[in-house]
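Asker: I would like to see how this sequence folds:
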Amino acid sequence: MSTRIAFLKGHGTENDFVIVPDPENAIDLPPAAVAALCDRRAGIGGDGLLHVVRSAAHPEARHMAGEAEWFMDYRNGDGSLAEMCGNGVRVFARYLQRAGHVTEGDIAVATRGGVKSVHIAKTASGSGSATGDITVGMGSALLPEGDVTVSVGARSWPARNVNMGNPHAVAFVDDLAHAGDLYTPPPFSPADAYPDGVNVEFVVDRGPRHVALRVHERGAGETRSCGTGACAVAVAAARRDGADPRVTGTPVTYTVDVPGGTLVITERPDGEIEMTGPAVIVAEGEIDAEWLENALR
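Answerer: Numbering: from 1, shown residues only. Predicted coordinates for the structure are as follows:
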C-alpha cells in the first residue's frame, strides 16, 4: 500500500460519498476499510464509497470495457457491495469531469447494474466546470408481482415492489414522520420478497406529479437522498395515478423532493428512466495509510 491514498468527498442532493480514484484497481478496499472511511466520527464520513476504476482493470467490469471506459465500483457505507446508486453515478461523473477524464456532454459509466448513459450539462458560462445538472439514464424499472407490506412500529402499509437494478419497496403514507427514525431496516413481508435486503421509501404527495420521500437504504440507514429510490417512487406514483408511458406513448415526469434537495424523474415511452439533479465535489485530500491500517486492526 502506498504511504498515502488520494480521496475526494462529494454529494448529490446531500447523498454523500468518499471517492477513491484508482484507475488500475491497485488499492485493496476490503469491507472493513470502506466502513472505516465512511464512519462519520472516526473516518471521512459518507453514505457510501465510489471506487473509480477503469473497466478493463476490474474483473467485474472487463466485459463492459468496450462500452464504458470507467467502472463505478460502488460500496455501501457498511462496506457491502451494491448494484447501483443513482446519486453516486452523478457524483462519479462529476469527478471524471473534474479530473479531466471527460468533458460536458454524453458519457457511459459501467456499474454492477449495467452500463449507464450520463449527460453532463453545460453551465451558463459554457465552462461545464462543476455546476450544471447531470442526467443519468437509469434503465427501465421492473415491477415484480406479489403483494409486499412494510411496517414501522404498530403501523403497516402496502408497498409497491420496484426494481431499479436494486430492490425497492415504495409505501405511500399520510405523514413522513410515520417512517420513524429509520435507523434500522423496516420489517417487510413476505420474508422471501427481498432475500438480499431492500431499500424502503416512504412517500407523501406534495402536488400534481410532485411527491416527497424519506428512505432507508440497505447498508446505510436513512440517507438524505437515494437516486434509484427517487426513480422507483416516480414509477410507483405514476402507476398509482394511472400513468404508464409504455401504454400511452407519452413521457411522464415527477418532481421528487428528498431531504437533501430535489430530483426530476422522467419515464419515457421506451421504458427508460432519466434522473436529473446536481452533483458537487466539496473537498479532496489524502488518506493516511497508518490510520487506515490501525482502523483495520
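
Asker: can you give me the helices in the stretch 151-297 of the chain?
Answerer: In the stretch 151-297 of the chain, the helices defined using DSSP state H, counting those that start in this stretch lie at 227-240, 245-248, 289-295.

Asker: which of these sits closest to residue 42?
Answerer: The minimum distance between residue 42 and these falls on helix 289-295, with 7.2 Å, by Cβ to Cβ. C-beta coordinates here come from the backbone N, C-alpha and C atoms, glycine included.

Asker: show me what the closest one is packed up against.
Answerer: Counting contacts by 3 or more Cβ pairs under 8 Å, 6 or more residues apart in numbering; DSSP states H and E, helix 289-295 packs against strand 4-12, helix 31-38.

Asker: residue 226 is nearest to which of these?
Answerer: Nearest to residue 226 among the helices and strands packed on helix 289-295 is strand 4-12 (10.0 Å), distances taken as Cβ to Cβ.

Asker: wait, residue 157 touches residue 149, no?
Answerer: Yes. If you go by Cβ atoms under 8 Å, residue 157 and residue 149 touch, sitting 6.9 Å apart.

Asker: of these two, which one has the most company?
Answerer: Comparing residue 157 with residue 149 by other Cβ atoms under 10 Å, the one with more neighbours is residue 157, at 20 against 15.

Asker: so who does the more buried one touch?
Answerer: Contact partners of residue 157, counting by Cβ atoms under 8 Å, 6 or more residues apart in numbering, are 149, 150, 151, 171, 172, 173.

Asker: same question, residue 120
Answerer: The contact partners of residue 120, by Cβ under 8 Å, 6+ apart, come to 93, 94, 97, 102, 103, 104, 105, 107, 128, 132, 134.

Asker: partners of it in the sheet?
Answerer: Taking DSSP bridges as the rule, residue 120 bridges to residue 105, residue 134.

Asker: how much space between it and residue 261?
Answerer: To residue 261, residue 120 is 18 Å away according to Cβ to Cβ, to the nearest Å.

Asker: between the helices of the stretch 151-297 of the chain, which one is nearest to residue 20?
Answerer: Evaluated over the helices of the stretch 151-297 of the chain, closeness to residue 20 peaks at helix 289-295, with 11.0 Å, by Cβ to Cβ.

Asker: okay, buried residues for that closest one please.
Answerer: Burial within helix 289-295, assessed by neighbour count using 16 or more other Cβ atoms under 10 Å, is assigned to 292, 295.

Asker: I'm done for today, thanks for sticking with me.
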